[in-house]
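>>> Structure here, sequence nowhere to be found:
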């Protein structure tokens, strides 16, 4: 009898708790007015070099409202490049289920936060990334491609082709590359190699193997640029026995 | 009210509920194909009425389309459309095609009620209610597809096996066979069930088993494609399913593309998409049936329910069967647990009033899910997943089958200039034509094959199709959507418009 009563009570409690969770979910989500207020605050505070990061990365309804700054949906805040971004506005929905605050990941990369602003169920906080200033954005193209499920401002280069760009040498060259879309997962495909030259001298090479695990398809190479001319010609030669996959790369130098 | 009358009332009530709530349900990708098949089969039916010999001679011409699924349900879709739309003109096309699906939903309620009534009247009423009070199951009840029909026959074959005569079993299993290939798994289940029964019942059951040999006659009769070159067509049917492609499926932040799939996958997905009280009750029912099985003299009905539920799930835990489609491929697992779940609900309630409280507490979250999410059933998640936003954070499949596009059709109808080209992404051309035919989409709006050729794009959010959005940005020169369908903030369908066109931001 005791067990029966306990089961009855547990069932009613689970049902009631579930319904309460469902009915209160709306109050934990932003309204149109919240979004509009946050967008207004961004409009007032926006400066060159600012970018908005939405969090969680699925909160892309922000794109309907944020009209003055680029909106990005990086999934790994700790290692995302944020090329040329000085100040990152993190626009988040902290009351959503399983929300994990972005603070720790951003602090781990040396970013520092300003005061948080609240607009109903939205949180807005500016982060200074303290990133090394960009010397030259070598692949700036205005094109966007998805690699590893994140939209990237990268340049499509055919495998077997090369891309050359002249720009300030800076201290470091940064290269990112990957196969666009689902073809990154094509089975039994050989790796793709990107060889980098600065004024004709080899600077490094990046291998892009077939992606087997989500989150590993956007490959990275960071190399020091040797002393020399302040401006160089950088060449990126892309090769692979299999030329059928769409491939893109992003490269820039920092001071 | 007699037991059968109560079961019939549950069945009619279910079918009526589906008919009354179907208008807003978008046409899923597969329905597009089945509607096309039904049109071809309807043409054959008309030929059959006017020139029977010619129709019999030309079955392959009309029936080769969608050869990968048996004919019965599509024949019913076609016959329903022929009668109610073509001849009588009293139903719109989609409703006429879907009408037989509602009948199967009603049959499922009928048989679940029958199984529940063997425990108590209350269990008879609650069993179908437990099944349908969740948006995922409720949504599937509306579609001119095979998932609910085969689920219904899964239960129906069980009832026929337990209570019916040999001919009735042969007929019911034949209908199952003529609906979907899942039915191939049923004879071994029945054979194992017979062998596990006590000696007296065992021999009676084993004597009934050979009746199943007659069932393929129903398959043959209901599938005119088999009337010529049956072995070749049977071979094509079987081969299609043995070599079925694996569609990408997002699961806890990983896109699953190929075997081996996680062994726990179907059970976990059930737990995440269904309302939590139902999940708890179904889990308890599963345990209860297992405990019965462990007894020396298990109750034949409970043993069969356990076997049928397990058989519905089994193909998806062997780690190589394609897993796409949410829970639709193993709906019978949920269905066959509901009679026991209903019985448990009755047993834990100390009085009729307490039963009302417990039933209300169990069913209300599911009813809320339906009220809140319908008709976007493939997007529904339960409380364990944190509802739709929680599931998005966990990295679960956002939607499938493209039917959520109905959420943005009114906007497109309002804003698109005459003759505008729209890239509908996952919406296939068959479903697009049905939206136009049903007046849900303006007929001058054209179907564009990609963003480059489009004025507007309605992108369905799929993890594996994320490349489509940047492609659209590049083609349109903007990264700001014009509108979209967002469920609890989570993007489902995002609409872009070329700058300067009406509706562009």
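Noted; the coordinates are in hand. Just so you know, these numbers come straight off a predicted model, no measurement behind them.
>>> For the residue lying closest to residue A:183 once chain neighbours are set aside, which three-state class applies?
Spatial nearest neighbour of residue A:183, chain neighbours left out: residue A:245 (4.7 Å); criterion: CB to CB, 6 or more residues apart in numbering or on different chains. Every residue, glycine included, has its C-beta placed from N, CA and C. Secondary structure assignment for residue A:245 (DSSP: H, G, I helix; E, B strand; the rest coil): coil.
>>> Just to check, residue A:245 is in contact with residue A:185?
No: Residue A:245 lies out of contact with residue A:185 (CB atoms under 8 Å); the separation is 10.3 Å.
>>> what about the most centrally placed residue in chain A, distance to residue A:91?
For chain A, residue A:74 is the residue whose C-alpha lies nearest the centre (CA atoms, centre = their mean; 2.5 Å). According to CB to CB, to the nearest Å, residue A:74 stands 13 Å off from residue A:91.
>>> Check residue B:242 too.
Taking CB to CB, one finds residue B:242 at 49 Å from residue A:91.
>>> Kindly report the same for residue B:256.
Distance, residue B:256 to residue A:91, by CB to CB: 31 Å.
>>> Name the residue in those two with the higher neighbour count.
More neighbours surround residue A:91 than the other of residue B:256 and residue A:91, with 26 against 19 (other CB atoms under 10 Å in any protein chain shown).
>>> check which helix or strand covers the more buried one.
Following DSSP states H and E, the helix or strand that holds residue A:91 is strand A:87-92.
>>> Check the offset of that strand from the chain's centre.
Distance, stretch centre to chain centre, for strand A:87-92: 12 Å (CA atoms, centre = their mean, to the nearest Å).
>>> Contacts for it, please.
The contact list for strand A:87-92, computed with CB atoms under 8 Å, 6 or more residues apart in numbering or on different chains, reads A:38, A:42, A:47, A:49-56, A:59, A:62, A:66, A:69, A:82, A:99, A:101-102, A:106, A:111, A:122-129.
>>> strand partners of it, parallel vs antiparallel please.
Sheet pairing of strand A:87-92 (DSSP bridges) gives strand A:50-55 (parallel), strand A:122-128 (antiparallel).
>>> mind putting the ones you listed in TSV, mean neighbour count and distance to residue B:350 included?
Formatted as TSV, the strands paired with strand A:87-92 follow (neighbours: other CB atoms under 10 Å in any protein chain shown; distance: least, CB to CB, whole Å):
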stretch	mean neighbour count	distance to residue B:350
strand A:50-55	22	48
strand A:122-128	20	47
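>>> Would you reformat those strands as TSV and include mean pLDDT?
Converted to TSV, these look like this (pLDDT from 0 to 100):
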stretch	mean pLDDT
strand A:50-55	98
strand A:122-128	98
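>>> out of the ones you listed, which comes closest to residue B:1?
strand A:122-128 (54.1 Å; CB to CB).
>>> How far off centre is that closest one?
Centroid separation for strand A:122-128 versus its chain: 16 Å, with CA atoms, centre = their mean.
>>> Likewise for stretch B:438-447?
26 Å.
>>> Residue A:205 should be in a strand, yeah?
Yes: counting by three-state DSSP, residue A:205 is located in a strand.
>>> If you drop the residues flanking it in sequence, what lies closest to it?
Once flanking residues are discounted, residue A:205 sits nearest to residue A:195: 4.9 Å by CB to CB, 6+ apart.
>>> contacting residues around the one you found?
By CB under 8 Å, 6+ apart, the residues touching residue A:195 are A:202, A:204-205, A:236-237, A:239.
>>> And the helix or strand that contains residue B:366, what's buried?
Remark: residue B:366 resides in helix B:352-373, with elements defined by DSSP H and E. By neighbour count on 16 or more other CB atoms under 10 Å in any protein chain shown, the buried set for helix B:352-373 is B:355, B:357-359, B:361-370, B:372-373.
>>> does chain A sit close to stretch B:450-459?
No: counting by CB under 8 Å from any CB of the partner chain, chain A has no neighbours in stretch B:450-459; the shortest distance is 10.9 Å.
>>> Give me the contacts around the helix holding residue B:366.
A:8, A:11-12, A:14-16, A:18-19, A:22-23, B:122, B:126, B:129-130, B:133-135, B:138, B:274-278, B:281, B:345-346, B:348-349, B:379-380, B:382-383, B:388, B:487.
>>> again, 6 Å this time
With CB atoms under 6 Å, 6 or more residues apart in numbering or on different chains as the test, helix B:352-373 has contacts from A:11-12, A:15-16, A:18-19, A:22, B:133-135, B:138, B:275, B:277, B:345, B:349, B:380.
>>> between the residues you listed, which is nearest residue B:309?
Nearest to residue B:309 among the contacts of helix B:352-373 is residue B:134, at 16.3 Å by CB to CB.
>>> can you pull the pLDDT of that closest one?
pLDDT for residue B:134: 98.
>>> Now for residue B:294, how many residues are close by?
Neighbours of residue B:294 (other CB under 10 Å): 8.
>>> quick one: it from chain A, how far?
Noted for residue B:294: a distance of 19 Å to chain A, by CB to the nearest CB, to the nearest Å.
>>> swap in residue B:21?
Taking CB to the nearest CB, one finds residue B:21 at 19 Å from chain A.
>>> For burial, what's the neighbour tally of that residue?
When neighbours are defined as other CB under 10 Å, residue B:21 has 16 of them.
>>> so who does it touch?
Per CB under 6 Å, 6+ apart, neighbours of residue B:21: none.
>>> how many neighbours does residue B:500 have?
6.
>>> quick one: it from chain A, how far?
16 Å.
>>> What helix or strand is that residue located in?
Using DSSP H and E, no helix or strand contains residue B:500.
>>> what's the nearest residue to residue B:60 if we skip its chain neighbours?
Nearest residue to residue B:60, sequence neighbours excluded (CB to CB, 6+ apart): residue B:228, at 5.7 Å.
>>> mind checking pLDDT for that neighbour?
Residue B:228 is given a pLDDT of 97.
>>> which of the residues in whichever helix or strand residue B:30 is part of are buried?
Take DSSP H and E as the rule and residue B:30 turns out to sit in helix B:29-50. Counting neighbours by 16+ other CB under 10 Å, one finds that the buried residues in helix B:29-50 are B:30-42, B:44-45, B:47-48.
>>> And what about residue B:296, helix, strand or coil?
Each residue gets one of three states, and residue B:296 gets coil by three-state DSSP.
>>> Pull up the gap between it and residue B:197, please.
Residue B:296 is 12 Å from residue B:197, by CB to CB.
>>> now residue B:476: how far from residue B:455?
For residue B:476, the distance to residue B:455 equals 9 Å [CB to CB].
>>> what does residue B:111 give?
Following CB to CB, the distance that separates residue B:111 from residue B:455 is 50 Å.
>>> more crowded one of the two?
Taking neighbours as other CB under 10 Å, residue B:111 and residue B:455 compare with residue B:111 leading, 29 against 22.
>>> wait, is that one part of a strand?
No: read with three-state DSSP, residue B:111 is helix and lies in no strand.
>>> Using the three-state scheme, assign the closest residue to it other than its chain neighbours.
Distance criterion CB to CB, 6+ apart; nearest residue to residue B:111, sequence neighbours excluded, is residue B:155 at 4.0 Å. Here residue B:155 is helix, with the state taken from three-state DSSP.
>>> Just give me the neighbour total for residue 252.
Defaulting to chain A. Residue A:252: 24 surrounding residues under other CB under 10 Å.
>>> hm, I was asking about chain B
Residue B:252 has 12 neighbours, counted by other CB under 10 Å.
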